[in-house]
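Enquirer: 3D, please:
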Amino acid sequence: MLFAPRSHRLQAIRTLLVLVLALAAATAVHLPRAHAADPPPANDWTLTFEDDFDGTTLDGDKWVTCWNWGTNDQGCNNNPGGRMLSWVMPRNVSVGDGSLQLRTVREKHTTPWDGRTYDWTSGMVTSDRLDEEGRDSSRFAFQYGYMEARMKMPTGSGVYNAFWTGAEDHSWPPEIDVVEAIADRPDLYHQSVHWPTGGGNDSRTQDYVGTPLNDGDWHTLGVLWDPEKIVWYVDGKETTRFTDASKIPSKRLHLLLSAEVWASSTGWTKGPDSSTPAVTTTYVDHVRVWKHNGGDTVDAPPPAKVVPTTRFGTAGIGSGTYDKASDGDTTTAFDAADGSNCHTGVDAGGAVTVDTIRYWPRLYQGKRMIGGKFQAGNSRNGPWTDLHTVSYWPGDHAFTTVRTGNDTAYRYYRYVGPPEGHCNIMEMEFRTTG
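Expert: Got it, this is the predicted structure:
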């Protein structure tokens, strides 16, 4: 075998490395992203809407940058004088580096409509239409299916992000909120549905506690919507569902994604302060909607729920006994006799791995659950392992769902109330989602 001189060999190696790196770069540029993967509910789907934001400008055939009553040059606001502190401006929306970018900016802006001055501006997009366009329909709207957005959210007290829907005919309600998230409470997501009630409106907001959405990673947020149920997903895992068919929206809905700044509001945010960045950016990698090919209804079975073989706990007051917290009835509750030393638990009958906990406080008593703990063990006498501590005031009209990250099997699961809390829990569920 003949060998080239060392200097020639080194040059050849350098040339080969350059070619390899160039090929890798070209491959990285041209490799398609995971487009149009099926939604989490396994079934037969057709992709009906998709934007991967691969260009450098917003696609005007798919999006506008204000609510229908606004304009593409002067902006808009959805809650003048209310908790929305930012005025939406189209300049805070851009596309680049493979993502949609929605910004909040600390800057004063006086509106041309009512002369009100805002301390912040922000950005949004919607697949609806502007009234000034004279269109009869949204750019995109749909009735039933699966919708999702892959997002990366910012930090900053008072910064609000949402992926949600509105009615194509501009009535309200209905509305489905895939997610509403506040940056100063990043591990608490609000997932809601709103419906009309004979001249009024009602809603069900189901909170979810999980991985902070502003942890620097991408998160996929989705909703399955059909005539019988609405199922919410975070990163491919079901978080909660709503199954009152009489209240599920049936109108065609358009899409909205928004970044805003909100004033202090109990249960939501502390509002902006000196630590809130002057500019924040919310990134959206893609937005997609699928239609189910087999009809409107999709089979999406709920996560398995632990069915207690027995229940245990401390004494309650009157009919508010410990077993009421796990009887499946959201009209009864455990009200402990001893306010500071109370618990209620279930025996799973054998060791099972619970990674999701759902709890519903006694009506108007959610604040008294703060500091309470959900625990697991393999004996009623302990030792006990903490799975979740209630750190937020849970809503008292729906379940709060928590992904614990637990991967250990236990036989016994319980809730221990905080000092002077009297437990005050209406219902709790322990689920295995895999």
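Enquirer: start to end distance for stretch 65-75?
Expert: Distance between the two ends of stretch 65-75: 8 Å, counting by CA to CA, to the nearest Å.
Enquirer: buried set for it?
Expert: For stretch 65-75, burial by neighbour count (16 or more other CB atoms under 10 Å) applies to 65, 66, 67, 68, 70, 71, 75. For every residue, glycine as well, the C-beta is placed using N, CA and C.
Enquirer: so which of those residues comes closest to residue 329?
Expert: Among the buried residues of stretch 65-75, residue 67 lies closest to residue 329 (CB to CB), at 41.0 Å.
Enquirer: check the secondary structure at the closest one for me.
Expert: What DSSP: H, G, I helix; E, B strand; the rest coil gives for residue 67 is coil.
Enquirer: so what pairs up with the closest residue to it other than its chain neighbours in the strands?
Expert: Nearest residue to residue 67, sequence neighbours excluded (CB to CB, 6 or more residues apart in numbering): residue 76, at 5.1 Å. For residue 76, the beta-bridge partners are residue 88 (DSSP bridges).
Enquirer: right, and residue 76 touches residue 70 too?
Expert: Yes - applying CB atoms under 8 Å, one finds residue 76 in contact with residue 70, separated by 2.6 Å.
Enquirer: what's the overlap in contacts for those two?
Expert: Among the neighbours of residue 76, those also in contact with residue 70 (CB atoms under 8 Å, 6 or more residues apart in numbering) are residue 88.
Enquirer: ok, the residue lying closest to residue 173 once chain neighbours are set aside - contacts?
Expert: Distance criterion CB to CB, 6+ apart; nearest residue to residue 173, sequence neighbours excluded, is residue 194 at 3.8 Å. With contact taken as CB under 8 Å, 6+ apart, residue 194 is in contact with 172, 173, 174, 175, 176, 177, 201, 202, 203.
Enquirer: for residue 293, see how far away residue 194 is.
Expert: 29 Å (CB to CB, to the nearest Å).
Enquirer: now residue 46, nearest residue through space, not along the chain?
Expert: In space, and not counting its chain neighbours, residue 46 is closest to residue 291: 5.0 Å by CB to CB, 6+ apart.
Enquirer: now do the helices in the stretch 301-434 of the chain.
Expert: For the stretch 301-434 of the chain, no helices are identified by DSSP state H, counting those that start in this stretch.
Enquirer: please apply the same query to the stretch 1-150 of the chain.
Expert: Under DSSP H, counting those that start in this stretch, the stretch 1-150 of the chain gives helices at 6-30.
Enquirer: any regions of it where pLDDT drops low?
Expert: Within the stretch 1-150 of the chain, the set of residues satisfying pLDDT under 70 comprises 1-38, 42.
Enquirer: count of neighbours near the residue lying closest to residue 122 once chain neighbours are set aside?
Expert: The shortest distance from residue 122 to any non-neighbouring residue, by CB to CB, 6+ apart, is to residue 86 (3.8 Å). By other CB atoms under 10 Å, the residues close to residue 86 number 30.
Enquirer: try residue 271
Expert: 17.
Enquirer: please, which helix or strand holds residue 157?
Expert: Using DSSP states H and E, residue 157 sits within no helix or strand.
Enquirer: any idea how far it lies from residue 142?
Expert: Residue 157 is 35 Å from residue 142, by CB to CB.
Enquirer: just residue 66 next, same as before
Expert: Between residue 66 and residue 142 the distance is 21 Å, computed by CB to CB.
Enquirer: kindly report the same for residue 409.
Expert: To residue 142, residue 409 is 41 Å away according to CB to CB.
Enquirer: those two: who's more crowded?
Expert: Here residue 409 and residue 142 are compared on neighbour count by other CB under 10 Å; more neighbours surround residue 142, at 21 against 14.
Enquirer: what's the distance between that one and residue 81?
Expert: For residue 142, the distance to residue 81 (CB to CB) stands at 33 Å.
Enquirer: repeat for residue 212
Expert: Distance, residue 212 to residue 81, using CB to CB: 31 Å.
Enquirer: residue ranges with poor pLDDT in the stretch 301-434 of the chain?
Expert: Counting by pLDDT under 70, the stretch 301-434 of the chain shows low-confidence ranges at 434.
Enquirer: related to what we said a few turns ago, hmm, the residue nearest to residue 122 is touching residue 118, no?
Expert: Yes - proximity of residue 86 to residue 118 meets the contact threshold set by CB under 8 Å, at 6.1 Å.
Enquirer: what's the overlap in contacts for the two?
Expert: residue 77.
Enquirer: coming back round to it: check which helix or strand covers the residue nearest to residue 173.
Expert: Using DSSP H and E, residue 194 falls in strand 188-197.
Enquirer: each with direction, which strands does that strand pair with?
Expert: Strand 188-197 has these strand partners (DSSP bridges): strand 175-182 (antiparallel), strand 200-209 (antiparallel).
Enquirer: just give me the longest strand of this structure.
Expert: Scanning the chain for the longest strand, with DSSP state E as the assignment, gives strand 279-292.
Enquirer: format the buried residues of stretch 65-75 as CSV; extra columns: distance to residue 183.
Expert: Shown next, in CSV, are the buried residues of stretch 65-75 (distance: CB to CB, whole Å):
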residue, distance to residue 183
65, 21
66, 23
67, 22
68, 27
70, 24
71, 28
75, 22
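Enquirer: what about the residue nearest to residue 46, how many residues nearby?
Expert: Neighbour count for residue 291, taken as other CB under 10 Å: 17.
Enquirer: would you mind confirming that it is in contact with residue 43?
Expert: No - assessed by CB under 8 Å, residue 291 is found out of contact with residue 43, at 10.8 Å.
Enquirer: in a strand, residue 246, correct?
Expert: No - secondary structure of residue 246 (three-state DSSP): helix, not part of a strand.
Enquirer: returning to what we had before: ok, and the most crowded of the contacts of residue 194?
Expert: The most crowded member of those, judged by other CB under 10 Å, is residue 176 (23 neighbours).
Enquirer: for the nearest residue to that residue once chain neighbours are set aside, name its beta-bridge partners.
Expert: With CB to CB, 6+ apart as the criterion, residue 176 has its nearest non-adjacent residue at 4.8 Å, and that residue is residue 165. Under DSSP bridges, the beta-bridge partners of residue 165 are residue 255.
Enquirer: what separation do you get for residue 165 and residue 91?
Expert: Separation of residue 165 from residue 91 (CB to CB): 25 Å.
Enquirer: give me the more crowded residue out of these two.
Expert: Shown here are residue 165 and residue 91; by other CB under 10 Å, residue 165 has more neighbours (27 against 12).
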